[in-house]
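**Student:** Predicted model follows, preceded by the sequence.
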Amino acid sequence: MRKTVFPFWLWILFLAIGTGASAQNWSVDVYTGVQGATDSDVSGTDENGTPFDFTAGWEGRSFEMPPYWGLRAMRDTAGPWSFGLEFTHAKVQADDDTLDDSGFNMLELTDGLNVLTANAEREIDLTGRWSAHAGLGLGIAVPYVEVVTSGGTETTGYQLTGPAARWYLGARYALTGNVSAFAEYNGTYSSNTADLDGGGDLETEILTNALNVGIGFSF
């Protein structure tokens, strides 16, 4: 059963945006897109202390509820770089083959594989209304862990599971002086160590890849 608690790390991002709202040279991007993840090793122990180790095939299911989306707030500086925060609500769910092979009844981070990073970004004017941008970020992963082991023990809830990183590259088109549309590739890495109910644990490192489209606002 999923919790409907508003994730605390979103308050951090919204507070950062609100604090700088009176300043100049802020931009806020909102995006969605198609997101997936590469296969990764999953290891740990279940509630009985029995070890497990298998390779999980992940499905993104970007447009199923809750959908994949992200929010980025950046502030320009006097130099060529801008700095800010980015939150991505990514999703990974073990495919049917993984569940059959592992014996797990559920293994997913679909509400979601939440990644919050502090970013540094460089934007380069190209020609006319077009520009290119690229960025890197470091932060944390706070996924909503949903696991039902082969023994039937269920784990659900948000957990701070480890460090995360982000990289992205894209192009932007200015629609007006303050509104733009953009497309980009956005990838994340997260190292996830989750506690399972009953005394077990689960570890996995996940790489997500997404093609995003979005709208940007500057003020």
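**Tutor:** Done, it's in. Residues are numbered from 1 along each chain as shown.

**Student:** Next, the buried residues of stretch 142-162.
**Tutor:** Buried residues in stretch 142-162, counting neighbours by 16 or more other Cβ atoms under 10 Å, are found at 142-149, 153, 155, 158-159, 161-162. Every C-beta, even on glycine, is put in place using the N, C-alpha and C of the backbone.

**Student:** neighbours around residue 196, how many?
**Tutor:** 19 (other Cβ atoms under 10 Å).

**Student:** For the chain, which segments are assigned as helices?
**Tutor:** Read by DSSP state H, the chain holds these helices, from start to end of the chain: 8-19, 96-102.

**Student:** residue ranges with poor pLDDT in the chain?
**Tutor:** Screening the chain residue by residue with the criterion pLDDT under 70, one finds the ranges 1-24.

**Student:** and the top strand by length along the chain, which strands flank it?
**Tutor:** In the chain, ranked by residue count with DSSP state E as the criterion, the top strand is strand 106-125. Sheet partners assigned to strand 106-125 using DSSP bridges are listed as strand 81-94 (antiparallel), strand 130-141 (antiparallel), strand 144-148 (antiparallel).

**Student:** looking at those strands, which is closest to residue 45?
**Tutor:** Residue 45 sits nearest to strand 144-148 of all these, at 12.4 Å, using Cβ to Cβ.

**Student:** Can you tell me what sits against that closest one?
**Tutor:** Defining contact as Cβ atoms under 8 Å, 6 or more residues apart in numbering, one finds that strand 144-148 is touched by 2-3, 104-112, 114, 154-159, 161, 194, 196, 202.

**Student:** Tabulate the CA atom coordinates of it in PDB.
**Tutor:** Provided in PDB are the C-alpha atoms of strand 144-148 (Å, rounded to 0.1, in the frame of the first residue of the first chain):
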ATOM      1  CA  TYR A 144       9.800   4.800  -2.100                       C
ATOM      2  CA  VAL A 145      10.800   1.200  -1.600                       C
ATOM      3  CA  GLU A 146       8.200  -1.500  -2.300                       C
ATOM      4  CA  VAL A 147       9.500  -5.100  -1.800                       C
ATOM      5  CA  VAL A 148       7.700  -8.300  -1.100                       C
END
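
**Student:** roughly how far out does it sit from the chain middle?
**Tutor:** Counting by Cα atoms, centre = their mean, to the nearest Å, strand 144-148 is centred 16 Å from the centre of its parent chain.
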